[in-house]
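In: sequence first, predicted model second:
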Amino acid sequence: MSLPTYTQASHEEICQPLPFVTLQSVRVTISQCCPDQRCVWTYFSEAHLVVVATVHRPQQQQQQQQPQQQQQKERKGRKERMDEGFDWIARGYGKDNVKLLYVRREGRVHSIKEYEIKTELTLNTDKDYLTGDNSDVIATDSQKNTVYILAKRHGVVSPEDFALLLCSHFLIKYPQLTKAQVHVEEYPWQREVMDGRAHNHSFKFSPEYHHTCSVSQERDREPLVSTGLQGLRLLKTTQSAFVNFVSDEFRSLPDMKDRIFSTVITAAWQYNRSTGVDFGKIWQLVLKTIQDKFAGPAEMGIFSPSVQNTVYLIQKSVLMEVPEVSQIQVSMPNKHYYPVDLSKFEGMENIENNEVFLPVDKPSGNITGTLGRSHIIKAKL
Ligand SMILES: O=c1[nH]c(=O)c2[nH]c(=O)[nH]c2[nH]1
């Protein structure tokens, strides 16, 4: 089978003789590859596979010898450093804030994705740091160029799919890498609606909240994908209380049976796999869960006895509804709105005030938690 490098083709067209390559698990190693073992596949989308490299076996054998020599050098270098009294805790280098707008044009209907991307690579050598030998360094400028070239070649579907594509590309193309990490911040563009109709090519910036994602992949390991939702500011005027907390000489806050509840939510969750996951759909589901557990039904809302309880209800619901999520962190600063004390003003001594509030930006409470699945946590103990 003769395959060009960097070809986009359908599963049926190229991998017909490989029954084990399914669209659910298409990240295959060289040994699992086509019968002549010449190509490496990576996941692109539900409908497509992408050849990210064409590898000939002799090259592969050469590459296997290289790491052994390299490892010996590494060990020697490490021993020298240890003798000097220090060692690396972490190292890596890459490009920050790589800005990308991708326009998908399907006839007259266009879609956009705007991202700010950070790449970080870790080499199996530290000779660049120690001696200034750059021979294994993939310049941060080349990392930036890779973002644009892969976007053009393979398109951009979601932050997670694009970050996974970049990580696997870096690891397959450069054998000197031990780890690739990609972080993506999505700009929140929404399609314009004109007279009730979705516009073909006009968008409005909706900065209420945004999507983030990080993929970290070590050589010969599954990529670790985590996704985030940031900046969702919410406020409700009732159905929130905070009572029966510790009462001692440090307490000045009264019991509040009916208070304003406002927060700026950050959520971050990790996936237990990286293929066959509809990342966009899950992101929308987490957003809806947060809104449901904070606001509740339109007429009556949902009662919150504390921010802590609301954090937990959101996390529990996501873990129950999305089996692909292994753990979720939610942070909810408590943006305080205190009733202004009007009783000191003449004639207002006995007037109840549940209308005029002082928004207090700082300090704010900070309530956070990470909830995981107990069988995984137990297994790690
Ligand atoms: O929901 C709350 N949890 C707290 O722990 C706390 N502490 C506080 O002063 N107000 C609140 N509200």
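Out: Now that the structure is in, tell me what you want to look at.
In: secondary structure element for the closest residue in space to V307 that isn't next to it in sequence?
Out: Among residues not flanking V307 along the chain, I367 sits closest, at 4.2 Å (CB to CB, 6 or more residues apart in numbering). Any C-beta I mention is one placed from the backbone N, CA and C, and that applies to glycine too. Using DSSP states H and E, I367 sits in strand 357-372.
In: got the residues of the stretch 251-381 of the chain near the ligand?
Out: 253, 306-308, 334, 365, 367 (CB under 6 Å from any ligand atom).
In: buried only: go through those for me.
Out: Neighbour counting with 16 or more other CB atoms under 10 Å marks 306-308, 334, 367 as buried within these.
In: may I see these organised as a markdown table, with pLDDT added?
Out: Converted to a markdown table, those look like this (pLDDT from 0 to 100):
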| residue | pLDDT |
| --- | --- |
| S306 | 98 |
| V307 | 98 |
| Q308 | 98 |
| N334 | 96 |
| I367 | 97 |
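In: list the ones among those residues that fall in helices.
Out: Using DSSP state H, the members of these that fall in helices are 307-308.
In: would you list every one of the strands in the stretch 1-150 of the chain?
Out: 8-10, 39-43, 48-54, 98-106, 109-123 (DSSP state E, counting those that start in this stretch).
In: over the second one, what's the mean pLDDT, rounded is fine.
Out: Rounded to a whole number, the mean pLDDT of strand 39-43 is 44.
In: what do you get for the longest one?
Out: If you average the pLDDT over strand 109-123, you get 98.
In: what of the shortest one?
Out: With pLDDT averaged residue by residue, strand 8-10 scores 41.
In: need phi/psi at whichever residue of the stretch 51-200 of the chain sits closest to the ligand.
Out: Nearest residue of the stretch 51-200 of the chain to the ligand, counting by CB to the nearest ligand atom: P188, 28.0 Å away. Backbone torsions of P188, given as degrees, to the nearest 10, read phi -80, psi 80.
In: check contacts around it.
Out: 205-211 (CB atoms under 8 Å, 6 or more residues apart in numbering).
In: return the per-residue confidence for it.
Out: Reported pLDDT for P188: 97.
In: look up how far Y209 lies from it.
Out: 7 Å (CB to CB, to the nearest Å).
In: what do you get for Y93?
Out: 31 Å.
In: do M82 as well
Out: 47 Å.
In: and for N309?
Out: Applying CB to CB to N309 and Y209 gives a distance of 22 Å.
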